[in-house]
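Novice: Quick one: sequence and predicted model below, then my questions.
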Amino acid sequence: MSAMPSVDAVAALIELRRHKGMFDNTWTLTTLLAAALSVLCGYFGLVQVNVGPIIWTLAVLALGQLVIASQGYRATSAAQLRWLALASQFMGAMLMGVSWHFFGGLQQPLFPLFILLPLMPAALVLGFWQQQAAMLGLLVVLVSGVLLSPETNSFIAARYGISIAPWYTLPDWMPRSAMAFPDVNTSPDYELVMVISVGVIGFALSNTARALVDPCRQAADQLTAQQREVDVLKELNRQLVARAPYGTALVSVGTGRILNASERLLQAFDIQDATGRFLLDTIDFAYPAVIRRLMKTGGEEVQGATVRGQEMVLRVRAQLLGSGVSEVAALSIESCDEICWRGAVDAFAEPVFAINSRGCVAFLNRAALQLLGDDAQGVAASTLFTSGEARWWDIAPLDSARRILDWRGHRYLASLRRERVAASIGELSIVRLQETVAAPATT
């Protein structure tokens, strides 16, 4: 059983297939340009050749390229894609070379540049030696132009004594390059210079494209690595928000849509999926305008809201993150029913306060503050009243008890009750004072 390809291998294959598509598109454009040049030159009578064989050759080239390109979608490896690209380049060079000879051969020395154009995107697909082999195909086409030109062969044999392929040794069935411009006389040395120039230009451009591919690939690899890091950070950010120990949501300042929400927020407000929803449509706030202002300016407000058909008091804290179109508001939305309880306790006429496990005053209602003073918060409870017991608030193991306490000439009946708010905080002694009779004056 073959192993499944890794995610990186699949991504590399997709990227290579995309580059192969660019290469195929370049060949399509090149074929269309060559056909357009042939049709225009034939229509206006600029060349004395029959453009029919040229068009038919280019049509066969387009059909062959289409067949090879269709095989690229079935390729399952990078090697298959590269060999298909090389086959496409060889076929294109051969048929484009045939069209070149129909169009005039060495009288059109720039026509082989049509073979060079696809070699530049081919550097993204082909390996180093495959690229050189594709370049060799262009050189073979240029050499064929020299072989099929009798004047150039004679010139080389006469000047250099090299008989490359004497005209009389070529088979009779092999067609010679057409004469596109019978009235134009070009010297063989000029034609050779043009052919050599095209070959040098092709070699330079092909290898320049190859040289540019390596730094581009390195930059692409770095960009991919950075994108992965960004994706990891995004996922961590999503998990941090989702696993937050309180109700929180990231909201786009511009649109008011929820980008991410914690699980506690979803549970508290009975929301299945908050992503993409408008915050003010998701939570029924009593004063939506206040929440809009918080999302734009930040800050903290206490708001009423309807949750599951019941009225709740919510504390909403907003902090702005980012800037511009990417600015978001981090909203912390928590139930603060203790505000209501605090208001209820403050409404008591009797003084009520709490003493923590360290024997210090932890909470006082409004009446207790008026009685004991604003400085009573946090002081030792043993210093508040005149009593015979040092730890008068400690009624353990009882849950409730009563004490008589003296405060500045007044006697109070203190009702005490032990309450444990949380295991980590310890017990609180809740004290409620009721004034009874005046304390006896001291002499």
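Specialist: Perfect, I can see it now.

Novice: Give the burial count for Gly256, as a bare number.
Specialist: Residue crowding around Gly256 was assessed by other CB atoms under 10 Å; the count is 18. (Glycine included, C-beta is placed from N, CA and C.)

Novice: Torsion angles phi and psi at it?
Specialist: The phi/psi pair for Gly256 (degrees, to the nearest 10) reads phi 80, psi 10.

Novice: tell me which element Val213 is part of?
Specialist: Secondary structure from DSSP states H and E places Val213 in helix 188-242.

Novice: any idea how far that helix is from the chain center?
Specialist: 20 Å (CA atoms, centre = their mean, to the nearest Å).

Novice: now stretch 63-83
Specialist: The answer for stretch 63-83 is 30 Å, by CA atoms, centre = their mean.

Novice: Touching that stretch from outside, list them.
Specialist: Contact partners of stretch 63-83, identified using CB atoms under 8 Å, 6 or more residues apart in numbering, comprise 12-13, 16-17, 20-21, 24, 27-28, 31, 84-85, 87-88, 91-92, 95, 125-127, 130.

Novice: residues of that stretch that come out buried?
Specialist: Neighbour-count burial for stretch 63-83, counted by 16 or more other CB atoms under 10 Å, picks out Gly64, Gln65, Ile68, Ala69, Gly72, Ala75, Ala78, Leu81, Arg82.

Novice: between the residues you listed, which is closest to Met312?
Specialist: Met312 lies nearest to Ala78 out of those, by CB to CB, at 59.5 Å.

Novice: Pull out the buried residues from the contacts of stretch 63-83.
Specialist: Neighbour-count burial (16+ other CB under 10 Å) applied to those gives 13, 16, 20, 24, 27-28, 31, 84-85, 88, 91-92, 95, 125-126, 130.

Novice: Quick check: phi and psi at the nearest residue in space to Ala381 that is not next to it in sequence.
Specialist: Leaving aside its chain neighbours, Ala381 sits nearest to Ile355 (4.7 Å; criterion: CB to CB, 6 or more residues apart in numbering). According to degrees, to the nearest 10, the main-chain angles of Ile355 amount to phi -120, psi 130.

Novice: ditto for Gly137
Specialist: Dihedral angles (degrees, to the nearest 10) for Gly137: phi -60, psi -40.

Novice: confidence score at it?
Specialist: With respect to pLDDT, Gly137 scores 91.

Novice: Next: Asn25.
Specialist: Asn25 is given a pLDDT of 93.

Novice: Over to the one 3 residues further on?
Specialist: On pLDDT, Thr28 comes in at 93.

Novice: repeat for Thr186
Specialist: Looking at Thr186, the pLDDT reads 70.

Novice: can you tell me which residues contact the nearest residue to it once chain neighbours are set aside?
Specialist: Closest residue to Thr186 apart from its sequence neighbours, by CB to CB, 6+ apart: Gln107 at 6.6 Å. If a contact means CB under 8 Å, 6+ apart, then Gln107 has Ser177, Met179, Ala180, Phe181, Val184, Thr186, Glu191 as its contacts.

Novice: Can you flag the buried ones in those residues?
Specialist: Looks like these have Ser177, Ala180, Glu191 buried, using 16+ other CB under 10 Å.

Novice: need the contact list for the first one.
Specialist: Counting by CB under 8 Å, 6+ apart, Ser177 makes contact with His101, Gly104, Gly105, Leu106, Gln107, Gly145, Leu148, Ser149.

Novice: change it to 6 Å
Specialist: By CB atoms under 6 Å, 6 or more residues apart in numbering, the residues touching Ser177 are His101, Gly105, Leu148, Ser149.

Novice: Return the subset of these lying in helices.
Specialist: Among the contacts of Ser177, the ones falling in helices (DSSP state H) are His101.

Novice: Please identify which of the contacts of Ser177 is nearest to Gly343.
Specialist: Among the contacts of Ser177, His101 lies closest to Gly343 (CB to CB), at 98.8 Å.

Novice: Which one among the contacts of Ser177 sits at the bottom for pLDDT?
Specialist: Of all the contacts of Ser177, Ser149 carries the smallest pLDDT score, 72.

Novice: any chance of the contacts of Gln107 in CSV, plus distance to Val328 and secondary structure?
Specialist: Shown next, in CSV, are the contacts of Gln107 (distance: CB to CB, whole Å; DSSP: H, G, I helix; E, B strand; the rest coil):
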residue, distance to Val328, secondary structure
Ser177, 69, coil
Met179, 73, coil
Ala180, 67, coil
Phe181, 70, coil
Val184, 71, coil
Thr186, 70, coil
Glu191, 69, helix
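
Novice: Any regions of the stretch 301-443 of the chain where pLDDT drops low?
Specialist: 337-339, 387-388, 421-425, 437-443 (pLDDT under 70).

Novice: Mind jotting down where the helices sit in it?
Specialist: Ranges of helices in the stretch 301-443 of the chain, per DSSP state H, counting those that start in this stretch, are 337-346, 366-372.

Novice: Against which helices or strands is the longest one packed?
Specialist: Going back to what we said before, that points to helix 337-346. In terms of contacts (3 or more CB pairs under 6 Å, 6 or more residues apart in numbering; DSSP states H and E), helix 337-346 is packed against strand 310-321.

Novice: Tell me the buried residues in the helix or strand Trp27 falls within?
Specialist: Using DSSP H and E, Trp27 maps to helix 7-43. Within helix 7-43, the residues scored as buried using 16+ other CB under 10 Å are 13, 16, 19-20, 23-24, 26-28, 30-31, 34-35, 37-38, 41-42.

Novice: do the same with stretch 335-348
Specialist: Buried, per 16+ other CB under 10 Å, within stretch 335-348: Cys336, Val345.

Novice: 30 is where my numbering starts, stick with that
Specialist: Okay, using 30 as the starting number, the last item reads as stretch 364-377.

Novice: contact partners of it?
Specialist: Residues outside stretch 364-377 that contact it (CB under 6 Å, 6+ apart) are Met341, Val342, Arg344, Val381, Asn394, Arg395.

Novice: Any chance of a PyMOL selection covering the buried ones in those residues?
Specialist: The buried residues among the contacts of stretch 364-377 can be selected in PyMOL (16+ other CB under 10 Å) with this line:
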select buried, resi 341+342+381+394+395
